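Q: Can you look at this prediction? I've put the sequence above it.
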Amino acid sequence: MTKKLSNAQIAWRAAQDLPDGAYVNLGIGFPEMIAKFKPDGREVIYHTENGILGFGEAPPKGEEDWDLINAGKKAVTLNPGASFFHHADSFAMVRGGHLDIAVLGAYEVAENGDIANWSTGPGSVPAVGGAMDLVHGAKQIWVVTDHVTKDGKPKLLNKCRLPLTGVGCVTTIYTSLAVVDVKEGKFHLREKLPDMSLAELQALTEATLVVDAAVKDLVVPEL
Amino acid sequence: MNKVVPDIREAVADIADGMSVMIGGFGGAGAPIELIHALVDRYKRTGSPGNLIVINNNAGNGDVGIAAMIDAGMVAKMVCSFPRSSDPKAFTDKYLAGEIGLELVPQGTLAERIRAAGAGIPAFYTPTSFGTMVAEGKPVAEFDGRKYVQERWLKADVALIKAELADRMGNLTYRKAARNFSPLMATAATTTIVQASRIVEPGDIDPEQVITPGIFVNRIVEVSDPKQEEALLRQGAKA
């Protein structure tokens, strides 16, 4: 079995696609790692739902200001040119189509772009936060995820089985095995790990992978 | 005009059983800890106000603030987007025991419902939640080829707000990301009660810097050097 990418390597790969000048929202947890791998020379402005545009890295330990946090309730700092705003303005940026990219994690993504990432079904406390707003707001919705579940089942599906976060909204999926674009209701394979055959990758993907151009190698540094 | 009240107990004295209470803050940033605990203390002393509907992004963390309200048993229902936190025990235990209600609202929809109430807009359409279980039972309409879900305004009897500066007329500023829901909630409640870190003379806040104009504020109490919820939690504070 081919060695799969670590979460840091998936984040690195997604970061290479951040365009200069983009306004970007990184979801809590795994997607937040993307900021660390942004290529030098590109200016990216990060939005956080709780009301900051242009926040920077975490402060040194002991220097946290708990009124200066991101949506994950982690302490952040401000970059020059940052701004504060209230929640209605924050979600006007989201729903109004002003953000270029939002990056989220997912339990499941379907070939029509549906995403399920907020509920594993009955029995737990449901919590949605800003995910349902983000998936219908940003111009591009990227998902970063392992290609399969912890017990090896596909996460890229014909149809989501878990409660949906949004319909027809995902544009690109960066997984531990591949980079997949969602176009016209199909998964279009852009890159795959070089050691993995197309048949091996397809076996771990429920929906059909469309190959309409030369598939590039997914090459990521050791991190 | 003077909206300043001298005593925090007096500031929350007329909040009654069964009221809906908006509470500013996102996580610990902007949580009006002293106002909340004035209410918790009153409930523990007198048994009132109970049966409250509390509106906030979250549903409490640890043992202080909204978690202390829930733990005291004075909250009948939470309206929030994310009832999880680093220590959500107070809410989770009561929720799983069926002792507290939950209306789950996507975060941006929560903000816009509050904004709409304050702006006199009874309903609006949003793309958020279309095709999900959150939209079940809500009217859907198509605009320019895309489907949207109808959401209604969200009003409250009372809003509890933490501000940085206030003047006696109710003009407010906020500190950093502690602003979050507070300017919206101030517009959507019948009675908006503010704790401010410092009360200054009218004119001392540059009109260009006023975030909440005084027309949205009913009552102000000065709480200098206020507690910060996240800082309290990290110190291991108990109610």
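A: Looks like it arrived, so ask away.

Q: out of everything not next to it in sequence, what's closest to B:K155?
A: B:A117 (4.3 Å; C-beta to C-beta, 6 or more residues apart in numbering or on different chains). Quick note: C-beta positions are derived from backbone N, CA and C, even for glycine.

Q: Please identify the buried residues of the one helix or strand the one you found maps to?
A: Under the criterion of DSSP states H and E, B:A117 resides in helix B:107-119. Going by neighbour count (16 or more other C-beta atoms under 10 Å in any protein chain shown), the buried part of helix B:107-119 is B:Q107, B:G108, B:T109, B:L110, B:A111, B:E112, B:R113, B:I114, B:R115, B:A116, B:A117, B:G118.

Q: now the strands for chain A?
A: Remark: strands assigned in chain A by DSSP state E are A:23-26, A:45-48, A:52-55, A:78-84, A:101-104, A:108-110, A:115-116, A:140-145, A:156-157, A:172-175, A:178-183, A:186-192, A:209-210, A:216-217.

Q: Tabulate those strands in TSV, adding columns for distance to chain B and mean pLDDT.
A: As requested, these are exported to TSV (distance: least, C-beta to the nearest C-beta, whole Å; pLDDT from 0 to 100):
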stretch	distance to chain B	mean pLDDT
strand A:23-26	12	98
strand A:45-48	8	98
strand A:52-55	6	97
strand A:78-84	6	98
strand A:101-104	12	98
strand A:108-110	12	98
strand A:115-116	9	98
strand A:140-145	12	98
strand A:156-157	16	98
strand A:172-175	19	98
strand A:178-183	16	98
strand A:186-192	19	98
strand A:209-210	24	98
strand A:216-217	33	97
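
Q: Of the ones you listed, which is nearest B:T187?
A: strand A:78-84 (18.0 Å; C-beta to C-beta).

Q: Low-confidence ranges, the chain, go.
A: Using chain A here. A:1-2 (pLDDT under 70).

Q: My question was about chain B, not that one.
A: Applying pLDDT under 70 to chain B flags the ranges B:239.

Q: B:A11 versus the residue of it at minimum distance from chain A, what's the distance?
A: Proximity of chain B to chain A (C-beta to the nearest C-beta) peaks at B:G108, 3.2 Å away. Distance, B:G108 to B:A11, using C-beta to C-beta, to the nearest Å: 31 Å.

Q: Likewise for B:A119?
A: Distance, B:A119 to B:A11, using C-beta to C-beta: 26 Å.

Q: related to what we said a few turns ago, buried deepest among the strands of chain A, which one?
A: Ranked by mean neighbour count, these are led by strand A:101-104 with a mean of 27 (mean count of other C-beta atoms under 10 Å in any protein chain shown).

Q: Next, count neighbours for the nearest residue to A:K73 once chain neighbours are set aside.
A: The spatially closest residue to A:K73, leaving aside those adjacent along the chain, is B:G27, at 4.1 Å (C-beta to C-beta, 6+ apart). Applying other C-beta atoms under 10 Å in any protein chain shown, we find 27 residues neighbouring B:G27.

Q: Kindly report the same for A:K3.
A: A:K3: 9 neighbours (other C-beta under 10 Å).

Q: Backbone dihedrals for the residue nearest to B:G203 when sequence neighbours are not counted, please?
A: Taking C-beta to C-beta, 6+ apart, and ignoring the residues beside it in sequence, B:G203 has B:D167 as its nearest neighbour in space, at 7.7 Å. Note on B:D167: backbone dihedrals following degrees, to the nearest 10 are phi -110, psi 170.

Q: ok, B:D167 touching B:P213?
A: No - the criterion here is C-beta atoms under 8 Å, and B:D167 misses it with B:P213 at 10.9 Å.

Q: Look at these two and report which has more neighbours.
A: More crowded of B:D167 and B:P213, by other C-beta under 10 Å: B:D167, with 25 against 15.

Q: which ones are touching that one?
A: Going by C-beta atoms under 8 Å, 6 or more residues apart in numbering or on different chains, B:D167 touches B:I199, B:V200, B:E201, B:P202, B:G203, B:D204, B:I205, B:G214.

Q: coming back round to it: give me the distance between the residue of chain B closest to chain A and A:V135.
A: B:G108 is 11 Å from A:V135, by C-beta to C-beta.

Q: element containing the nearest residue to B:A196 once chain neighbours are set aside?
A: Of all residues not flanking B:A196 in the chain, B:A166 sits nearest, at 3.6 Å (C-beta to C-beta, 6+ apart). Element membership of B:A166 [criterion: DSSP H and E] is strand B:156-167.

Q: Centre of the chain to that strand, how far?
A: 9 Å (C-alpha atoms, centre = their mean, to the nearest Å).

Q: Quick one: work out the angle between that strand and helix B:107-119.
A: 80 degrees (axes from the mean of the first three to the mean of the last three C-alpha atoms, to 10 degrees).

Q: mind saving the C-alpha coords of strand B:156-167 as CSV?
A: Only the C-alpha atoms of strand B:156-167 are listed here, as CSV (Å, rounded to 0.1, in the frame of the first residue of the first chain):
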residue,chain,number,x,y,z
ALA,B,156,-35.3,39.4,22.8
ASP,B,157,-36.7,41.0,25.9
VAL,B,158,-33.2,41.8,27.2
ALA,B,159,-29.6,42.0,25.8
LEU,B,160,-26.6,41.8,28.1
ILE,B,161,-23.6,43.5,26.5
LYS,B,162,-20.0,44.1,27.4
ALA,B,163,-18.5,47.3,26.1
GLU,B,164,-15.2,49.0,26.4
LEU,B,165,-16.2,52.7,26.7
ALA,B,166,-19.6,54.1,27.2
ASP,B,167,-21.0,57.6,27.9
